[in-house]
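Q: Sequence and predicted structure are below.
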Amino acid sequence: MKETSNILIIKPGAMGDLLQMTPVIRALKKKLPEARISILVGNAASVDLFRHHPHVHETIVFDRRVAHRSLSSLLGLWQRLRGGHYDLVLNFQRSNLKSWFLASAAFPCRVLVYNKARGRTVHAVINHLETLGRLGISPSDVEERLELFLGDEDVQHAQELFRLNGFAGKSVVALNPGASNLIKCWSTGQFAALGDRLMDELGAEVVVVGGSERELAQDICARMRRKPLNLVEKTSMLQLGAVLAQCALLVSGDTGPMHMATAVGTPVVALFGAIEPRRTGPVGEGHRVIRHAEIECVPCNARKCSNPHYLECMERISVDEVFAAVAQMLGKSDRLLAERKTGGPKQ
């Protein structure tokens with residue numbers, strides 16, 4: 001078999017899905033250091049996730065809902081891929097016929113196909129890495145950590161943002177209230193109560209982050225006694241990554257920014273209900289998952305809640321337990337306990 005020199009990864013998924021592909025990219029580059037790796041993503045915004053990635057040669061957009069909705073535009077993309085002369089295709093979107101059509105642009109070539117785990121619980125990162133088995137790559141030999149490479153301008157933007165808001169020398173906690181599905185969301189009232197306690201009892205600053213959760217962020221800000229810094233819809237994708245990298249910690253449900261935080265090395269308090277964290281939870285050490293497994297239907301892994309007590313799994317997560325996790329992770333729980341015993345002031 002000739003040496004593999006040109007690889008195409010097909011993964012038109014969301015932010016978290018793409019970040020969970022970064023161990024695959026790292027493993028491929030280690031195994032095949034001379035190969036060029038290109039990745040097919042699902043929208044123009046996702047290109048930023050790999051803009052500064054040292055192992056990604058090219059990011060190609062397959063926007064099936066808009067730009068490549070018509071047959072002529074799809075054929076144009078097929079022809080572009082045909083000119084890439086790929087000798088290895090990894091198809092991580094096996095159920096999508098259009099993805100297979102685009103993969104055919106590389107034929108004849110070697111094709112590895114992702115098989116989603118059935119009847120067993122394995123993290124998505126490990127499941128993705130299993131696809132590389134035929135290349136002699138074992139998941140046990142690959143570090144699971146996610147990666148996001150930021151540009152200097154993004155880092156400088158975040159640093160200046162924190163400086164202008166007086167965050168220097170303070171612990172900054174990010175709150176991410178949104179998700180792709182309401183079933184993954186903690187309530188805005190609980191987020192607001194948590195934010196107040198973080199400011200009042202820990203002396204922390206609070207930043208509300210997210211992609212398109214304007215109404216959720218506005219509701220949190222309206223409910224809090226002191227207004228947090230609201231950055232929802234005010235940052236680019238890489239600027240958001242840089243902001244999270246500046247934060248001491250992120251509190252979030254199962255969504256893209258949660259994975260982004262882990263990719264830039266920021267600890268996460270992850271709030272899980274319906275979804276199985278062993279499949280999509282935060283990757284790496286130093287994170288905390290909070291969920292109430294005693295609820296009979298947890299995890300249901302459904303897109304709609306059928307519990308008569310609607311979203312009980314998320315509602316049962318209390319502000320107290322999230323606050324305690326944050327305080328412990330920030331290393332201030334002992335000081336708080338001492339202050340409560342002596343009746344001292346809360347900073």
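A: Received, thanks.

Q: only C-alpha atoms for contact and neighbour calcs from this point on.
A: Will do.

Q: so who does the nearest residue to D87 once chain neighbours are set aside touch?
A: Leaving out its chain neighbours, the residue that sits closest to D87 by CA to CA, 6 or more residues apart in numbering is C109, at 4.8 Å. Listed by CA atoms under 8 Å, 6 or more residues apart in numbering, the contact set of C109 reads 86-89.

Q: For those residues, give me a markdown table that also has distance to S140.
A: Putting the contacts of C109 into a markdown table (distance: CA to CA, whole Å) gives the following:
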| residue | distance to S140 |
| --- | --- |
| Y86 | 27 |
| D87 | 26 |
| L88 | 23 |
| V89 | 22 |
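
Q: Tabulate the residues you listed (CSV), appending pLDDT.
A: Converted to CSV, those look like this (pLDDT from 0 to 100):
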residue, pLDDT
Y86, 96
D87, 94
L88, 96
V89, 97
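
Q: of those, closest to V283?
A: Nearest to V283, judged by CA to CA, of these is V89 at 25.8 Å.

Q: Against H52, how distant is the residue nearest to A245 when sequence neighbours are not counted?
A: Of all residues not flanking A245 in the chain, V264 sits nearest, at 5.5 Å (CA to CA, 6+ apart). With distances taken as CA to CA, to the nearest Å, V264 is found 13 Å from H52.

Q: Find the residues that touch each one of these two.
A: Shared contacts of V264 and H52, counting by CA under 8 Å, 6+ apart, come down to F149.

Q: Can you pull out the residues in contact with the lengthiest helix in the chain?
A: Among the segments of the chain that qualify as a helix by DSSP state H, the longest is helix 188-202. In this structure, residues lying in contact with helix 188-202 by CA under 8 Å, 6+ apart are 175, 177, 204-206, 216-217, 219-221, 223-226, 228, 318-319, 322-323, 327, 332, 336, 346-347.

Q: and the closest residue in space to R291 that isn't next to it in sequence, how many residues sit next to it?
A: Closest residue in space to R291, ignoring its immediate chain neighbours: F272 at 5.0 Å, by CA to CA, 6+ apart. Under the neighbour criterion other CA atoms under 10 Å, F272 is assigned a count of 27.

Q: from what I can see F272 touches P282, true?
A: No. Applying CA atoms under 8 Å, one finds F272 not in contact with P282, separated by 10.6 Å.

Q: Show me whatever sits in contact with both of these two.
A: Common contacts of F272 and P282 (CA under 8 Å, 6+ apart): V289.

Q: shaky segments in the chain?
A: Residue ranges of the chain with pLDDT under 70: 1-2, 332-347.

Q: any chance you could map the strands in it?
A: Applying DSSP state E to the chain gives strands spanning 6-10, 36-41, 58-61, 88-91, 110-113, 172-176, 205-208, 229-230, 249-252, 268-271, 288-290.

Q: Sheet-wise, list the partners of the first one with their directions.
A: Based on DSSP bridges, the strands next to strand 6-10 in the sheet, each with its direction, are strand 36-41 (parallel), strand 88-91 (parallel).

Q: and that strand, how far out from the chain's middle?
A: 22 Å (CA atoms, centre = their mean, to the nearest Å).

Q: Report how many residues lie close to the spatially closest residue to H53 that is not a sequence neighbour.
A: Once flanking residues are discounted, H53 sits nearest to F149: 5.6 Å by CA to CA, 6+ apart. Using other CA under 10 Å, F149 has 17 neighbouring residues.

Q: pretty sure F149 is touching H55, no?
A: No. F149 lies out of contact with H55 (CA under 8 Å); the separation is 10.6 Å.

Q: re the thing from before, show me the one of the strands paired with strand 6-10 that comes nearest K304.
A: Nearest of the strands paired with strand 6-10 to K304, taken as CA to CA: strand 36-41 at 27.0 Å.

Q: list the buried ones in that closest one?
A: 36-41 (16 or more other CA atoms under 10 Å).

Q: And for it, what's in contact with it?
A: By CA under 8 Å, 6+ apart, the list of residues contacting strand 36-41 reads 5-13, 25, 47, 55-63.
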